[in-house]
Structure formats: structure tokens, C-alpha cells
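Asker: need a structure here:
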Amino acid sequence: MTMTRRRAWLGGLALTATLAIAGCSSSSSGSPAPGGQAMSSADSAAMENPNLDLGSSLGSKQAPDFKLVNQFGQQMSLSQFRGKVVLLGFEDSECTTVCPLTSQSMVLAKELLGKAGGSVQLLGIDANPDAIAVANVLAYSRVHSMVNQWDFLTGTAAQLKEVWKHYGIAVQIQSGQIDHTPALYVIDQQGKLQKAYLTQMAYSSVTQSAQVIATEVSSLLPGHPKLSSIESLAAVPGQTPADSVTLPQAQVPNAATAPAVTLGPGKARLVVFFATWLSETSDLSAELTGLNGYVKDAASKHLPPLTAVDNTVTEASAQAVGGYLGKVGKLDYPVALDESGRLADGYGVQDQPWYALVNAAGKIVWQHDGWVSLATLEKTVAAHQ
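Answerer: As a prediction, the model looks like this:
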């Protein structure tokens, strides 16, 4: 199946537009939560983390109101959530790059607040002008297990363009790719804009981003609730093909415990990164079972072995991954779980799916985003050995 590639625009122009609504371009390391639950001891490390946006203050300007419909076709407005802190993310309903990281950060931020998360509303607004039907936002919500965790809003093209304009969201289509500002706003209980964040294309920073956002939300909630867990905000090193890495293997329900998967130098291998939410934009089951053909041909054609890696940090849970694979059928290759995102970052993954051909010295000699046919894959791998 041919799939339009989706990506987010991370350019400086987009950041300028994002901050323009508040007339402020100052950066902040994030407001420390009262009661000692602060990032003070880690401020310098966090500020030096290139994969983490600590947020930009928006000066408490009034957030522009809007009226759109959610994934159930129900009319929604921003003003109806007065009294709650709103996390508002702009996301492409068919995105396979940065948007799933934004979605996951929103969900995890709310979870970090425990019971106080009940005072937080998650809202998404579609930023894909080619996929604005209610069915599109519902499909995205389903594959990310978020149907009942947020309201993903859409509307007519004119309505969405007006909202994008008001929130400084740059959207463009270029060479079949959707580019948009990957912005997430924190709006307080009075409907005032407090912070803007730009999601970075770094899988290992998803939980860190969630913590930064949750800390800001906590500062706005009564009693400033403590987060359920705290982690370092220092830069997380990626696990490269030159590193020896052991990862858990996806566990299919009612099957014997799967052995761990080891990657690293010493022998060539083909690694395919994917996530189960790709089922929204491609026939994922067919693509995964189709790779059994590569495994079958590898020995006779002297091709390197195949390992698949699920980007579990963007999934609802490791158990959900195993449950999905159990329905796919037998796979003749291991599926490892990248629960931290460090492997994806170390291999330079920028999209899903992502192929990486690694030689015995631990160097990537070929990489590709998007599914390819078996014949093309085998021919390309053979040519790069």
C-alpha cells in the first residue's frame, strides 16, 4: 500500500508563529512546582538537553475560543472546559512521525498527576488538511488507545484554518508530505494561555516531556499535587548499532516466554522499526507477515537476519503490543520492545516504519522510511552488503 509520509515542521519560523499569539518570545525552564517538587537540582542538565523543550511562557493571554466536533461527532468548544487545565495539542490524524510522541506525552502527563489528573482535559486539534473527517480523528484515537482519554477535534477546512491561524500553527503540504507546527499548549482554568511546547523528534524524551508538562500543570492546580514519579531531565544517550543492547521480546498471550533479543556489532542484520498504530495508515498485519518471506529467502540469498523493533514508548503498553501480534499470526523473526526509545534514537529513526541495514562493524549502511515490497527489500539489502 502506498502511504503518504507525515511529518511535523520543526523550523524556527514555526516557533516564532507559535509564540506570536502572546507577543512573547521568552523561553523558560518551566515553573518549579511549589512544595519542593521542582526541577531545581536538574535545571542546568535539562536546559542542555537538546531533545527537550522546557516551554515558552505565553503571558496569560486569553486563549482563542473555537467550536469544533470530536471523534464522536459531538460539538465541543474550548470555553466549555473552564475550571479545568487544558492540554491542547495540534496533531496530524494520520501522522507517523512526531504526533504520536505528542499524544503519548499528553497521556503520561495526566497520569503523573494521579487523582488530580481528573482536573485536566486533553484536547487535540487535527492539523492534516487532507484528513479532516470525523472518521479520521476517530481512527487515530482508536489505534493510540485514546478514544476515551481525550477529545480529538476536527471541523471544516475553513474552521480548522481559522483555529490554526489563531494559534500560530503553520500547516503546509509539500511533495505529498504534511508539515505542521508540533505545538502543545497549556491553558489554565480561566482559559488563559500559560505555556507552549514544541515536541522534539526524540523517542527517549517522551516521558521527560510528560514530566515537564505535568510539573507546569501541577503549578496551576489547587494544592500543587506531587507527581507520581520523577526522572532526570538530562539528555538520554541513544543506543547505537555499535552498542551491544539486550531488549525484551514482545510476549504474545498464552505463548511460552519469549527470550530477550540482543543487538550490536559482530554480525550484519536488518532492523525494522514499527509501531502497532501503523495499522491506521497501512495494512500492518500483511506487512509484518510479508517479512516472513525475507526470513525464508535470507539463507539461500545470503542476506543478513531480520529483527523487528516495536517503538513501545509510543504504545499504550507492552501488553497491548503482544496482544496485537497475537492476532497477526506467526512471525518467523523476533520482535523486540524499545520501551525507552533509546534504540530508535540511536539508530536515527525519524518515521515509522523505518528500515536500518547494519553491517558487522555496527554501522548503518542503508536506511529507509516506509514499507517496500519484498523484492525491492531483498534487492536493496543485497546491493548494500
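Asker: Could you chop this structure up by domain?
Answerer: Domain assignment for the chain by automatic domain parsing gives 12-220, 245-383.
Asker: In terms of pLDDT, where does T2 sit?
Answerer: For T2, the model assigns a pLDDT of 33.
Asker: actually S175, not the one I typed
Answerer: Each residue has a pLDDT score; the one for S175 is 80.
Asker: Relative to Q62, how far out is it?
Answerer: Distance of S175 to Q62, given as CB to CB, to the nearest Å: 37 Å. (Each C-beta comes from the backbone N, C-alpha and C, glycine too.)
Asker: Please apply the same query to W164.
Answerer: From W164 to Q62 the distance is 18 Å (CB to CB).
Asker: more neighbours, these two?
Answerer: W164 (20 against 12; other CB atoms under 10 Å).
Asker: Secondary structure element holding that one?
Answerer: helix 157-166 (DSSP states H and E).
Asker: next SSE after that helix?
Answerer: Sequence-wise, the next helix or strand downstream of helix 157-166 (DSSP H and E) is strand 171-174.
Asker: buried ones in that following strand?
Answerer: Residues of strand 171-174 classed as buried by neighbour count (16 or more other CB atoms under 10 Å): V171.
Asker: Identify all contacting residues around it.
Answerer: For strand 171-174, the external contacting residues (CB atoms under 8 Å, 6 or more residues apart in numbering) are 9, 127, 129-130, 161, 164, 178-181.
Asker: mind listing what that strand pairs with, with the direction of each?
Answerer: strand 177-180 (antiparallel) (DSSP bridges).
Asker: Could I get the CA-only coordinates of the helix or strand following the strand it pairs with as CSV?
Answerer: As assigned by DSSP H and E, the chain's next helix or strand after strand 177-180 is strand 183-187. Presented in CSV, the C-alpha positions along strand 183-187 are these (Å, rounded to 0.1, in the frame of the first residue of the first chain):
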residue,chain,number,x,y,z
ALA,A,183,2.7,22.6,19.3
LEU,A,184,1.2,21.7,22.6
TYR,A,185,-0.4,24.5,24.8
VAL,A,186,-1.1,24.6,28.5
ILE,A,187,-4.3,26.6,29.2
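Asker: and strand 183-187, which strands flank it?
Answerer: strand 85-91 (antiparallel), strand 193-198 (antiparallel).
Asker: CA-only coordinates of the longest one, as CSV, when you get a sec.
Answerer: Meaning strand 85-91. Only the C-alpha atoms of strand 85-91 are listed here, as CSV (Å, rounded to 0.1, in the frame of the first residue of the first chain):
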residue,chain,number,x,y,z
VAL,A,85,-6.4,22.8,33.0
VAL,A,86,-6.4,22.0,29.2
LEU,A,87,-3.6,20.4,27.3
LEU,A,88,-4.2,21.4,23.7
GLY,A,89,-2.1,19.6,21.0
PHE,A,90,-2.1,20.1,17.3
GLU,A,91,-1.7,16.7,15.6
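Asker: quick one, that strand and helix 157-166 angle?
Answerer: Relative orientation of strand 85-91 and helix 157-166, computed by axes from the mean of the first three to the mean of the last three CA atoms, to 10 degrees: 120 degrees.
Asker: heads up, I number from 158, so please use that
Answerer: Shifting the count to begin at 158 puts that one at strand 242-248.
Asker: Contacts made by strand 242-248 with the rest, please.
Answerer: Under CB under 8 Å, 6+ apart, the answer for strand 242-248 is 220, 235, 256, 259-260, 263, 266-267, 276-284, 297, 309, 321, 324, 326, 337-346, 370, 374, 377-378.
Asker: Is A493 located within a strand, as I assumed?
Answerer: Yes - assessed with DSSP: H, G, I helix; E, B strand; the rest coil, A493 lies in a strand.
Asker: That one contacts Q396, correct?
Answerer: No - the pair A493 / Q396 is not scored as a contact, 11.3 Å apart, by CB atoms under 8 Å.
Asker: what's the overlap in contacts for these two?
Answerer: The overlap between the contact sets of A493 and Q396 (CB under 8 Å, 6+ apart) consists of L500.
Asker: Now do the contacts for N227.
Answerer: Counting by CB under 8 Å, 6+ apart, N227 touches 233, 294, 308-310.
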